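A.B. asks: With the input below, show me the fold.
(2 chains)
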Amino acid sequence: MVFDIVFWILAIISIAAALAVIFLRDVFRAALALILLFLVIAGIYITLHADFLAVVQILVYVGAISILLIVGIMLTRDVHKGNPSGKFRIPAIIVGILLVITLTFTAINTKWTISDKPPVEKTPEIIGQMLFAEGGFLLPVEITAILLLTAVLGAIVLIREK
Amino acid sequence: MTVGLVHYLVLSAILFSLGLYGVLAKRNAVIILMCVEIMLNAVNIALVAFSRYVTPLALTGHVFAIFVIAVAAAEAAVGIAIIITIYRNHKTISVDKFDLTKW
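C.D. replies: All right, here's what the predicted structure looks like:
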């Protein structure tokens, strides 16, 4: 099964990229590692037969959010002195390890009801029906529109020169 | 060894924990925002994996993931705006120095 090999490769690259985001000293290189992580996660969506989500991931994360983060890094560049850890480093390591152990233990020991039906080939049609058809998620879609408008207005108000 | 639901969940857990470590331990506010994005992506992987293996015909997990992506975009925009405003007023983006509301 070719998707199995692809999954292992993508999983190793994604964990390495996440580690690079955390431990690289240069903040700009950390942002580049984050873009690599976003691309790899789009690949993981493809191994899960989520073609529409993979495209959305590349459009929104790789295209928009990473550019926002890089602009933020550029505008605050002169204060970066490496990527140091704060005073909560040891508790954060303990919390992270405990969380990953707990989640892994739960995921392995739960009896998931795996469906044996094959995944659908063309997801955009079904997603569109779920989002916009009767009895779907139409109200959350409209609330999302208001949320995005509020976020844009809030960002403009915050950034505006006094 | 065929890759199943558990593999995706474990990958999601590892990425989420790495993001959580970054959020708790890092000083640079932009790095903290980036680690929040890692955590949101990890949750999306879990949602899509559940959708693929538990309810492969309904695709509810995909819809949830789309909403998570929309909220993440809004969060990144407002977060960067806040960081730039704080940088403009205080000339720092280290979260150790953001103690304006501390008694």
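A.B. asks: gap between A:Phe7 and chain B?
C.D. replies: Distance, A:Phe7 to chain B, using C-beta to the nearest C-beta, to the nearest Å: 5 Å. Heads up, the C-betas are built off the backbone N, CA and C, glycines and all.
A.B. asks: just checking, that residue touches B:His7?
C.D. replies: Yes - between A:Phe7 and B:His7 a contact is recorded at 6.8 Å, counting by C-beta atoms under 8 Å.
A.B. asks: More neighbours: the two, which one.
C.D. replies: Higher neighbour count among A:Phe7 and B:His7: A:Phe7, with 20 against 17, using other C-beta atoms under 10 Å in any protein chain shown.
A.B. asks: ok, residue 55 - contacts?
C.D. replies: The chain I'm using is chain A. Contacts for A:Val55 were tallied using C-beta atoms under 8 Å, 6 or more residues apart in numbering or on different chains; they are A:Ala42.
A.B. asks: Chain B is the one I meant
C.D. replies: Counting by C-beta under 8 Å, 6+ apart, B:Thr55 has contacts A:115, B:61.
A.B. asks: for chain B, what spans make up the helices?
C.D. replies: In chain B, the helices defined using DSSP state H lie at B:5-25, B:29-53, B:60-90.
A.B. asks: Count the neighbours of A:Val2 for me.
C.D. replies: Neighbour tally, A:Val2, other C-beta under 10 Å: 7.
A.B. asks: roughly how far apart are it and B:Ser12?
C.D. replies: For A:Val2, the distance to B:Ser12 equals 22 Å [C-beta to C-beta, to the nearest Å].
A.B. asks: What score does residue 42 have for pLDDT?
C.D. replies: Since you didn't name a chain, this refers to chain A. pLDDT recorded at A:Ala42 is 95.
A.B. asks: hm, I was asking about chain B
C.D. replies: Looking at B:Ala42, its pLDDT is 95.
A.B. asks: again with B:Ala70
C.D. replies: pLDDT recorded at B:Ala70 is 94.
A.B. asks: before we move on, what about B:Lys97?
C.D. replies: The predicted local confidence for B:Lys97 comes out at a pLDDT of 77.
A.B. asks: Count residues in the vicinity of it, would you?
C.D. replies: By the measure other C-beta under 10 Å, the count of residues near B:Lys97 is 13.
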